[in-house]
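1. Make a model of this:
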Amino acid sequence: MNYTIEDLSLLEALRQGEDMAFEQLFRRYYAVLCAYARRMLSMEDAEEVVQEVMLWLWENRHELVIESSLCQYLFKMTYRKVLNHLTRQQIKTKVEAAFYERTQSMLCEVDYGQLEELGRRINEAVAALPDSYREAFVMHRFKDLGYKEIAEVLEVSQQTVAYRIQQALKLLRVSLKDYLPMLMWLVG
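-> Presented below is the predicted three-dimensional model:
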């Protein structure tokens, strides 16, 4: 092992849970580890990685087994965390690209005739609702009024408004069941 006497005493104090030892270790290595990680990451990401290293070190101080020097151990740990971070970024970029491509292809496949048909069917379904349900539903969904405002206009309780809207949605689900896959795609 390539320990300095200072590293040995620092590690032992750290294992004992001494805050001052951790603070000293943090001050000694934080900036240099950030500079090292910065060679591969943005400054913000580099700092985040080094903070993860330091947090892990503190949380695992009692089980800490270091077979090289403390400095080498911290650099290796930082390097591994940087690689993990870069891998996560790569995966995220691939997922975002795949999502973008899928969305673009779905948009190209949209049949605007079907959209017009859907709009017509929604209007018909809303028009077929009982008057009290339709009135509450239209105020809430198309005029953006809250339950309290609708209750005041219709001179009923908020619970009645909620019930009417809930019933309207149930009836609409039934009458538009053939269009639900398209509605789910448009909304979700």
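2. Now do the longest helix seen in the chain, average pLDDT.
-> Assignment by DSSP state H gives helix 70-109 as the longest helix of the chain. Helix 70-109 comes out with an average pLDDT of 85.
3. Show me what counts as buried in it.
-> Neighbour-count burial for helix 70-109, counted by 16 or more other Cβ atoms under 10 Å, picks out 70-71, 73-75, 77-79, 81-82, 85. The way it works is simple: take the backbone N, C-alpha and C, and place the C-beta from them, glycine included.
4. helices or strands up against that helix?
-> helix 5-15, helix 19-38, helix 43-59 (3 or more Cβ pairs under 8 Å, 6 or more residues apart in numbering; DSSP states H and E).
5. Those into CSV, with extra columns for mean neighbour count?
-> Shown next, in CSV, are the helices and strands packed on helix 70-109 (neighbours: other Cβ atoms under 10 Å):
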stretch, mean neighbour count
helix 5-15, 15
helix 19-38, 16
helix 43-59, 17
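6. Residue 85 is in contact with residue 45, isn't it?
-> Yes. Between residue 85 and residue 45 there is a contact under Cβ atoms under 8 Å: 6.2 Å.
7. for the protein, what are the low-confidence residue spans?
-> Along the chain, segments meeting pLDDT under 70 span 1-3, 103-112, 180-188.
8. which residues touch the strand or helix carrying residue 165?
-> Using DSSP states H and E, residue 165 maps to helix 158-175. With Cβ atoms under 8 Å, 6 or more residues apart in numbering as the test, helix 158-175 has contacts from 121-122, 125-126, 128-129, 132-137, 140, 147-148, 150-151, 154, 180.
9. Tell me the buried residues within the residues you listed.
-> 125-126, 129, 132-137, 140, 147, 150-151.
10. Of those, just say which sits nearest to residue 55.
-> Checking the buried ones among the contacts of helix 158-175 against residue 55 with Cβ to Cβ, the nearest one is residue 147 at 45.9 Å.
11. Check the spacing between the closest one and residue 158 real quick.
-> 5 Å (Cβ to Cβ, to the nearest Å).
12. Can you tell me which residue is spatially central in the chain?
-> Residue closest to the average C-alpha location in the chain (Cα atoms, centre = their mean): residue 92, at 11.8 Å.
13. Need the distance between the two termini of stretch 138-151.
-> 13 Å (Cα to Cα, to the nearest Å).
14. Residues touching it, excluding its own?
-> Outside stretch 138-151, the residues that reach it (Cβ under 8 Å, 6+ apart) are 126, 136, 153, 157-158, 160-162, 165.
15. JSON lines for those, including distance to residue 61?
-> Formatted as JSON lines, the contacts of stretch 138-151 follow (distance: Cβ to Cβ, whole Å):
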{"residue": "126", "distance to residue 61": "64"}
{"residue": "136", "distance to residue 61": "61"}
{"residue": "153", "distance to residue 61": "64"}
{"residue": "157", "distance to residue 61": "60"}
{"residue": "158", "distance to residue 61": "56"}
{"residue": "160", "distance to residue 61": "61"}
{"residue": "161", "distance to residue 61": "58"}
{"residue": "162", "distance to residue 61": "55"}
{"residue": "165", "distance to residue 61": "57"}
